[in-house]
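>>> Quick one: sequence plus predicted model below, questions after.
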Amino acid sequence: MSVYENVLKRKDGSEFGLDELNGKVLLIVNTATGCGFTPQYKGLEKLYEEYKDKGLEILDIPCDQFGHQAPGSDDEIHEFCTLTYNTTFPRFAKSEINGENELPLYTFLKSQMAEDSVTGPINKTIMKGVEKLSTSCKKAGDIKWNFTKFLVDREGNVVGRYSPTTKPEELEKEIKKYI
């Protein structure tokens, strides 16, 4: 299987095949609008504005599995993100990313890179606390919280998995390697 064989649902219910993004660098992020990490939308938008014309696509996948921090409908989530953070990158339907109803995309991503990259003692301590709160993280490789990020190169290889404590701007150097 390849990342490009996956399909996501748009907020209007229509399907979007990732094969349309073949040859682009992808940053895939599970998000929430009521999370302490929600301000990362600002950094994600900055990356998108800087690199979208060079081949970067950011895929925003809202998820309510972590502390029910993505309340509301897909339209309400979209409105919040566009009005609060002026986001312009693609946002998809709210989805599950762990468990028996997880998106096949996330099954694939986790099979390619099972652990987050966490740097620094403070971030490691924060993530240990977050893991204790997560009730949907039941098996090895599961996503631990909102704003976990996967970086995929132009050939569709998963080249990075980053913890929620990794700010989008910290990924710029990695993204530049693959642009």
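Received, thanks. Residues are numbered from 1 along each chain as shown.

>>> residue boundaries of the strands in this structure?
7-9, 15-17, 25-31, 56-62, 149-152, 158-162 (DSSP state E).

>>> Tell me how far the second one lies from the chain's centre.
This points to strand 15-17. 17 Å (CA atoms, centre = their mean, to the nearest Å).

>>> So for A93, which of the strands of the chain sits nearest?
strand 7-9 (4.0 Å; CB to CB). Quick note: C-beta positions are derived from backbone N, CA and C, even for glycine.

>>> give me the low-pLDDT residue ranges for the chain?
Within the chain, the stretches with pLDDT under 70 are 115-139.

>>> ranges for the helices of it?
40-51, 74-85, 104-112, 121-133, 172-178 (DSSP state H).

>>> on contacts alone, who are the packing partners of the first one?
Spelled out, it's helix 40-51. strand 25-31, strand 56-62, helix 74-85, helix 172-178 (3 or more CB pairs under 8 Å, 6 or more residues apart in numbering; DSSP states H and E).

>>> now the angle from it to strand 56-62?
Angle, helix 40-51 to strand 56-62, by axes from the mean of the first three to the mean of the last three CA atoms, to 10 degrees: 160 degrees.

>>> hmm, back to that, okay, the strands of the chain in a markdown table with distance to F89 and mean neighbour count next?
Output for the strands of the chain, formatted as a markdown table (distance: least, CB to CB, whole Å; neighbours: other CB atoms under 10 Å):
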| stretch | distance to F89 | mean neighbour count |
| --- | --- | --- |
| strand 7-9 | 13 | 16 |
| strand 15-17 | 13 | 12 |
| strand 25-31 | 9 | 24 |
| strand 56-62 | 4 | 21 |
| strand 149-152 | 13 | 24 |
| strand 158-162 | 17 | 19 |
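
>>> Same list (those strands) but as CSV, adding distance to Y85.
Formatted as CSV, the strands of the chain follow (distance: least, CB to CB, whole Å):
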stretch, distance to Y85
strand 7-9, 21
strand 15-17, 21
strand 25-31, 10
strand 56-62, 11
strand 149-152, 16
strand 158-162, 19
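
>>> which residues does the residue nearest in space to the middle of the chain contact?
Geometric centre of the chain, nearest residue: V29, 0.7 Å, by CA atoms, centre = their mean. Applying CB atoms under 8 Å, 6 or more residues apart in numbering to V29 gives the contacts L44, I58, L59, D60, I61, F147, T148, K149, F150.

>>> Quickly note the distance from it to V7.
Plainly put, V29 is 18 Å away from V7 if you go by CB to CB, to the nearest Å.

>>> how near is the closest residue to K9 other than its chain neighbours to L47?
Nearest non-adjacent residue to K9, counting by CB to CB, 6 or more residues apart in numbering: A93, 4.0 Å away. Distance, A93 to L47, using CB to CB: 22 Å.
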